[in-house]
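S.K.: sequence below, structure please.
(chains A and B)
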2 protein chains.
Amino acid sequence: MRVRNKPWAAEKLAAHPNYVVTNPTELKGKWNEHFEKNQPIHIEVGSGKGQFIVGMAKMHPDINFIGIELQTSVAVMALDKILEAELPNVKLLNTDGGLISDYFEAGEIDRVFLNFSDPWPKTKHEKRRLTHRSFLENYQTILKPKGEVHFKTDNQGLFEYSLASFSQFGMVLDQIWLDLHASDFEGNVRTEYEEKFSAKGQPIYRVEAHFVN
Amino acid sequence: MRVRNKPWAAEKLAAHPNYVVTNPTELKGKWNEHFEKNQPIHIEVGSGKGQFIVGMAKMHPDINFIGIELQTSVAVMALDKILEAELPNVKLLNTDGGLISDYFEAGEIDRVFLNFSDPWPKTKHEKRRLTHRSFLENYQTILKPKGEVHFKTDNQGLFEYSLASFSQFGMVLDQIWLDLHASDFEGNVRTEYEEKFSAKGQPIYRVEAHFVN
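M.R.: Numbering: from 1, shown residues only, chains lettered A, B, ... in the order given. All right, here's what the predicted structure looks like:
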């Protein structure tokens, strides 16, 4: 996602340690102590402008949510939504999704969300896709046994790739939607991206999958 | 598929024992003796009017093909295509696809094709779908280890169901196409159904999957 650079963004994030975690390695294995309630933790890798993670946190007060976003100028837009909502069950992490196994203990996380991840369509960039097996290894490490990955995208090529990648990694596909918005799926929280692409008539693809171990 | 009943169809099929197998249980484990050449065997469960199986047999002389079609009045249309093509590597079996493990020895078959199978959209009819786990058990029995199932359909609900059914059975999804005709897939042989539905602008879904054992 490209947004205008905001030189003040890092400072603003640092000014809200209650919502933006700056010492993730210190919290490894102890994330629930940092939340108001000790309850299952769901993370979103690539949380963008935060509409999904904040919407989910509102809808599910019995879950703790952590949004992970590398781009500081984007993460600060998610912070604004969190500040407005004043929710006790959502935090932000302004870092690289590839580093999550440094920040979370094995089995500390209950579910991973991936929404409208960068498709990296060129074969030479395959390893950068968030559904590449190297990322799946990380998710498996930090997830509880049989932990779930919920993924949605409007990108046909990325969805085709990801279904095969999940399956070839040994994950089980629990349910698949080839046109989410035309389905009877309830409780969908739309991302900013999803609203934009759906308005163009593009179908939204979704899958729920789990690791066997 | 509904076609006009043809009272003479059974007699016509019986008149061509060279192409239409009437004693499948006797051939169990010995199918290759019934073909001109001893080579891998691919079957199509629900071969309909035969355009796919005959087209594949033309394109792949190094494979023996068997089309299985329950409806006599439909199977006779496939017979006409075979008679016209005079191919040594394709046979028809006018029987129920659910009985294949009575007709083929364990490991006798190399690949199973399913094309535009009846979607049976009602949940109460789930067991009739050719990608239900009870059918997958049969395919696994007659297929060689790591045997493949290649499935295509225009039916979104059946495709969503089938991907999950394959995965939950323990099969691995090798590749997925969400719009086959817009892809660079080569060697696609269209069925009668496929031509009709594709002309309406409907995307054709396809998956190649294999059993682990």
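
S.K.: residue contacts, A:Pro145?
M.R.: Contact analysis of A:Pro145 by C-beta atoms under 8 Å, 6 or more residues apart in numbering or on different chains lists A:107, A:211, A:213. C-beta: built from backbone N, CA, C; applies to glycine.

S.K.: and it, helix, strand or coil?
M.R.: strand (DSSP: H, G, I helix; E, B strand; the rest coil).

S.K.: separation between it and A:Lys28?
M.R.: From A:Pro145 over to A:Lys28 the distance is 19 Å, taken as C-beta to C-beta, to the nearest Å.

S.K.: same question for A:Lys127.
M.R.: Counting by C-beta to C-beta, the separation of A:Lys127 from A:Lys28 is 25 Å.

S.K.: the two: who's more crowded?
M.R.: More crowded of A:Lys127 and A:Lys28, by other C-beta atoms under 10 Å in any protein chain shown: A:Lys28, with 16 against 10.

S.K.: helices and strands of chain A: which one has the lowest mean pLDDT?
M.R.: When each helix and strand of chain A is scored by mean pLDDT, DSSP states H and E, helix A:192-199 comes last, with a mean of 90.

S.K.: once you drop chain neighbours, what's closest to the residue most central in space within chain A?
M.R.: The residue lying closest to the centre of chain A (C-alpha atoms, centre = their mean) is A:Glu44, at 1.6 Å. Spatial nearest neighbour of A:Glu44, excluding adjacent residues (C-beta to C-beta, 6 or more residues apart in numbering or on different chains): A:Phe113 at 4.2 Å.

S.K.: hang on, that neighbour is in a strand, isn't it?
M.R.: Yes: looking at A:Phe113 with three-state DSSP, it is inside a strand.

S.K.: who are the contact partners of A:His16?
M.R.: So, once contact is read as C-beta under 8 Å, 6+ apart, A:His16 ends up touching A:79, A:83.

S.K.: how about the residues of chain A by chain B?
M.R.: A:156, A:159-160, A:163-164, A:167-168, A:171-179, A:205, A:209 (C-beta under 8 Å from any C-beta of the partner chain).

S.K.: take the residues you listed and keep only those in strands.
M.R.: Applying DSSP state E to those, the entries found in strands are A:172-177, A:205, A:209.

S.K.: ok, back up a step: what residues are up against the residue nearest to A:Glu44?
M.R.: A:Phe113 sits next to A:42-45, A:52-53, A:56, A:149-151 when contact means C-beta under 8 Å, 6+ apart.

S.K.: by neighbour count, which of those residues wins?
M.R.: A:Ile53 (30 neighbours).

S.K.: please identify the helix or strand for that one.
M.R.: helix A:51-59 (DSSP states H and E).

S.K.: show me how far that helix is from its chain's centre.
M.R.: Remark: helix A:51-59 is offset 11 Å from the chain centroid, using C-alpha atoms, centre = their mean, to the nearest Å.

S.K.: stretch A:143-157 now?
M.R.: Distance of stretch A:143-157 from the chain centroid (C-alpha atoms, centre = their mean) equals 9 Å.

S.K.: do stretch A:193-211 as well
M.R.: With C-alpha atoms, centre = their mean, you get 14 Å for stretch A:193-211.

S.K.: in chain A, which spans are strands?
M.R.: Using DSSP E, the strands of chain A run over residues A:41-45, A:64-68, A:90-93, A:109-115, A:143-153, A:172-177, A:205-210.
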